[in-house]
Each structure stands twice: as structure tokens, then as C-alpha cells.
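Novice: Predicted model and sequence follow; I will ask about them next.
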Amino acid sequence: VHWELVEHDPSKAIFRFEEPTTGLRVTKRYALDAELPPAGADEREFRDATANGYQLKLTFTVENLKAEPQPVQYTLRGPVGVPLE
């Protein structure tokens with residue numbers, strides 16, 4: 001599947017795929033939000049050493065581009081081919 005990069009900047013990327021046979025448009029929006037450190041905390045230490053440093057958010061949207069309703073099923077499989085450490 002070839003995903004089109006629709007929009008991006010240092011904090012987000014939006015990808016889209018349109019399937020002409022089914023008439024479905026799938027959009028994935030990734031956003032990287034930096035959490036602010038508490039007052040007086042070292043910013044680099046906060047981001048590098050705590051789980052609160054960054055939050056990666058994914059918004060997944062499926063749009064039906066045809067006039068008639070159609071069923072959609074989505075399965076999230078997790079990391080594939082990533083070695084466990």
C-alpha cells in the first residue's frame with residue numbers, strides 16, 4: 001500500500017490512502033506532543049529519563065466515499081518484525 005504524505009511538520013504527520021475499488025479513504029494522523037517539565041526541573045533530564053517526555057498519538061479515520069453504506073473491519077496487529085528486548 002502506498003500512503004500519501006498529506007501534511008507534516010516537526011510535531012505531526014498525516015498519511016492518506018484511497019482504495020478505488022472499495023471507495024474507502026483511510027487517514028492516519030501521528031502527533032508527537034512534548035510534555036512540559038515541572039517548574040525548576042531540567043528539561044532534557046525530564047524528556048530523556050521519564051515516561052512523560054513525549055506522547056505519540058495516533059488518530060485513525062476511515063471514510064466511505066461511496067453513496068451506499070459498506071461494512072469496515074479494522075485490526076491493529078502491533079509491532080511486526082520488531083525484536084523484543
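Specialist: Great, that's in hand.
Novice: tell me the residue furthest from the middle of the protein?
Specialist: Ranked by distance from the centre of the chain (C-alpha atoms, centre = their mean), the top residue is residue 40, with 31.6 Å.
Novice: ok, now how distant is that residue from residue 64?
Specialist: Here residue 40 is placed at a distance of 51 Å from residue 64 (C-beta to C-beta, to the nearest Å). C-beta coordinates here come from the backbone N, C-alpha and C atoms, glycine included.
Novice: ok, now residue 50?
Specialist: For residue 50, the distance to residue 64 - C-beta to C-beta - is 42 Å.
Novice: and the worst-scoring helix or strand of the chain on mean pLDDT, how far out from the chain's middle?
Specialist: Ranked by mean pLDDT, DSSP states H and E, the weakest helix or strand in the chain is helix 43-49, scoring a mean of 77. Mean-position distance between helix 43-49 and its chain equals 23 Å (C-alpha atoms, centre = their mean, to the nearest Å).
Novice: Beyond it, next helix or strand please.
Specialist: The first helix or strand that comes after helix 43-49 along the chain, using DSSP states H and E, is strand 54-64.
Novice: Show residues contacting that following strand.
Specialist: 23-35, 47, 70, 72, 74 (C-beta atoms under 8 Å, 6 or more residues apart in numbering).
Novice: cutoff 10 Å now
Specialist: For strand 54-64, the surrounding residues in contact (C-beta atoms under 10 Å, 6 or more residues apart in numbering) are 12, 14, 16, 18, 22-35, 47, 70, 72-74, 76.
Novice: Out of these, which sit inside strands?
Specialist: Among these, the residues falling in strands (DSSP state E) are 12, 14, 16, 18, 24-34.
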